[in-house]
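>>> Fold the following for me, if possible:
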Amino acid sequence: MKKVQKLIEKMNEMDLDLVLIYSVENSSKPSTYYLSGFTGSFSCLVIAKEKQYIITDSRYFEQAKSQTSFELVEFRGPDFIGTIASVVRQFNPRKIGLEFQRISHATFLKISEKIESEFVPIDQILSEMRMIKDEEEIANIKKAVEISEKALQKTLEIVKEGVSEKDIAAELEYNMKKLGADGTAFETIVLTGPRTSLPHGRPTTRKLGKNEPILFDFGAQVNGYCADITRTFFYGNPSEEFLKVYQTVYEAQTLALEKGSAKLSGKELDAIARERINQSGYGQFFGHGLGHGLGLEVHEEPRVNSLNEKPLPVNSVVTIEPGIYLEGIFGVRIEEDVVVKEDKLERLTTFQRELIILR
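Just a heads-up that it's a prediction; the model follows:
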């Protein structure tokens, strides 16, 4: 309940009487899990300073009782928002915090029709709370990283000429689950040959050929928390240009890992890696930010890019993932998961960053 108590402190600062976390078809699953521990796809949390409720339907009655200390309100139909309103009315709230970015305009109109209160956005508050991880959260991410890396090592055993991207991706996902992952953090990316120039391409039936790169972008999920790792390998004999590009990406990442800390903003850290890539003449081929926050979602705050001028918070977890993408030829990306500390970046990933050539 520490997270709920912290939210209540924020509510006091904003003069809020109540917070609603509305999640239908997982629309606010991260916030729901973060605050209550509930993992179902259909619920509404009603958080008052003196009491907290979870409203859900019969699919999740038993699950809610076992996963959260919030008092269960059983929704038995047909009007979910009406049931929420009936719980809210007992508090006679003046101001209610709501995640504006997690609900549709149509849903907001229905809620505001049934509940005559002032609604205030709390998206930024929850984002800032989730940015800073406690020891348990960091341990979950570290476990997800460990499983991911072991699964990758096992999957490399089947990588050979003639095996398709889809088959390799399926093997990697199977290995992560077999090693203890609850699931995958996002859709696994495995790309081969010229398709490695697609920063977020999807696996296809294309088969790995001789003398081609292969790129993995993947992550396990453990207790709701995500890993996000990228490694680029080469199968066969790499060209001089590939070796140059790989070394450039590697050096850019190394500089960021060595110089990064909570003393720098996301913009400043991004600039360190970007400058190295610019010096090599590949600046125009590095089109995305250096990294992003990692936690219950694979992309969350803080951002490590040119738009974030705020210092990176101590105990936030971010990715460091420079890349160079030569359209239709090849791409290289290396991605690390790190914990931001006062004077350094603490690596959670341990898998070799130097180029591995597969034979």
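>>> When you work out contacts or count neighbours from here on, use the C-alpha atoms and nothing else.
OK.
>>> Skip the chain neighbours and tell me the closest residue to the residue nearest the centre of the chain.
When the chain is reduced to its mean C-alpha position, the closest residue under Cα atoms, centre = their mean turns out to be residue 298, at 1.2 Å. Distances taken as Cα to Cα, 6 or more residues apart in numbering place residue 226 nearest to residue 298, at 5.9 Å, with adjacent residues excluded.
>>> check contacts around residue 38.
Residue 38 makes contact with 32, 63-64, 67-68, according to Cα atoms under 8 Å, 6 or more residues apart in numbering.
>>> Go again with 7 Å.
If you count contacts by Cα atoms under 7 Å, 6 or more residues apart in numbering, residue 38 has them with 32, 64, 67-68.
>>> repeat for residue 314
Applying Cα under 7 Å, 6+ apart, the residues near residue 314 are 132, 262, 340-342.
>>> Repeat the analysis, applying 10 Å as the threshold.
By Cα atoms under 10 Å, 6 or more residues apart in numbering, the contact set of residue 314 is 131-133, 261-263, 339-345.
>>> Got the confidence number for it?
At residue 314, the model reports a pLDDT of 98.
>>> so it is in which element?
Per DSSP states H and E, residue 314 falls between elements, in no helix or strand.
>>> so residue 53 bridges to which residues?
Following DSSP bridges, residue 53 is listed with bridge partners residue 46, residue 71.
>>> 486 is where my numbering starts, stick with that
Renumbered: residue one is now 486, and that last one reads residue 538.
>>> wouldn't residue 495 be in contact with residue 501 here?
Yes. Assessed by Cα atoms under 10 Å, residue 495 is found in contact with residue 501 at 8.4 Å.
>>> Between the two, tell me which one has more neighbours.
Remark: of residue 495 and residue 501, residue 501 carries more neighbours, 21 against 16, as counted by other Cα atoms under 10 Å.
>>> distance between stretch 749-767 and the chain's centre?
In terms of Cα atoms, centre = their mean, to the nearest Å, the centre of stretch 749-767 is found 23 Å from the chain centre.
>>> now that stretch: mean pLDDT?
The pLDDT scores in stretch 749-767 average 98.
>>> same check, this time on stretch 809-820
In this model, stretch 809-820 has a mean pLDDT of 98.
>>> Could you list the buried residues of it?
Judged by neighbour count using 16 or more other Cα atoms under 10 Å, the buried positions of stretch 809-820 are 809-811, 815-820.
>>> Save these as TSV, and put in secondary structure and distance to residue 775 too.
Shown next, in TSV, are those (DSSP: H, G, I helix; E, B strand; the rest coil; distance: Cα to Cα, whole Å):
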residue	secondary structure	distance to residue 775
809	strand	11
810	strand	14
811	strand	17
815	strand	19
816	strand	15
817	strand	14
818	strand	11
819	coil	11
820	strand	9
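>>> How much space separates residue 623 from residue 721?
37 Å (Cα to Cα, to the nearest Å).
>>> Quick one: the strands in the stretch 586-735 of the chain, in order.
Under the criterion DSSP state E, counting those that start in this stretch, strands of the stretch 586-735 of the chain are mapped to 603-606, 668-669, 674-677, 697-703, 705-707, 710-711, 714-720.
>>> list the helices and strands the third one packs on?
Counting contacts by 3 or more Cα pairs under 10 Å, 6 or more residues apart in numbering; DSSP states H and E, strand 674-677 packs against helix 650-663, strand 697-703, strand 714-720, strand 815-818.
>>> Pick the most buried one from those.
Of all the helices and strands packed on strand 674-677, strand 815-818 carries the top mean neighbour count, a mean of 26, counting by mean count of other Cα atoms under 10 Å.
>>> partner strands of it, parallel or antiparallel?
Strand 815-818 sits in its sheet next to strand 808-811 (antiparallel), going by DSSP bridges.
>>> Please save the CA atoms from the strand it pairs with in CSV.
Provided in CSV are the C-alpha atoms of strand 808-811 (Å, rounded to 0.1, in the frame of the first residue of the first chain):
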residue,chain,number,x,y,z
GLY,A,808,21.4,2.5,-34.0
ILE,A,809,22.4,3.1,-37.6
TYR,A,810,20.0,2.0,-40.4
LEU,A,811,21.1,2.0,-44.0
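>>> neighbouring contacts of it?
Taking contacts as Cα under 10 Å, 6+ apart, the residues outside strand 808-811 that touch it are 679-684, 715, 730-731, 733-735, 737-738, 758-759, 762, 767-775, 815-820.
>>> Please list only the buried members of those residues.
Among those, the ones that count as buried by 16+ other Cα under 10 Å are 679-684, 715, 730-731, 733-735, 737-738, 758-759, 762, 767, 770-771, 774-775, 815-820.
>>> which ones are touching residue 580?
Applying Cα under 10 Å, 6+ apart, we find residue 580 in contact with 496, 499-504, 601-605.
>>> how much distance is there from stretch 505-517 to the middle of the chain?
16 Å.
>>> How about stretch 565-583?
With Cα atoms, centre = their mean, you get 31 Å for stretch 565-583.
>>> measure that stretch end to end?
Distance between the two ends of stretch 565-583: 16 Å, counting by Cα to Cα.
>>> if you average pLDDT over stretch 691-704, what comes out?
According to the model, stretch 691-704 has a mean pLDDT of 98.
>>> Among the buried ones among the contacts of strand 808-811, which are located in helices?
Assigned to helices by DSSP state H, the following of the buried ones among the contacts of strand 808-811 qualify: 730-731, 733-735, 737-738, 758-759, 762.
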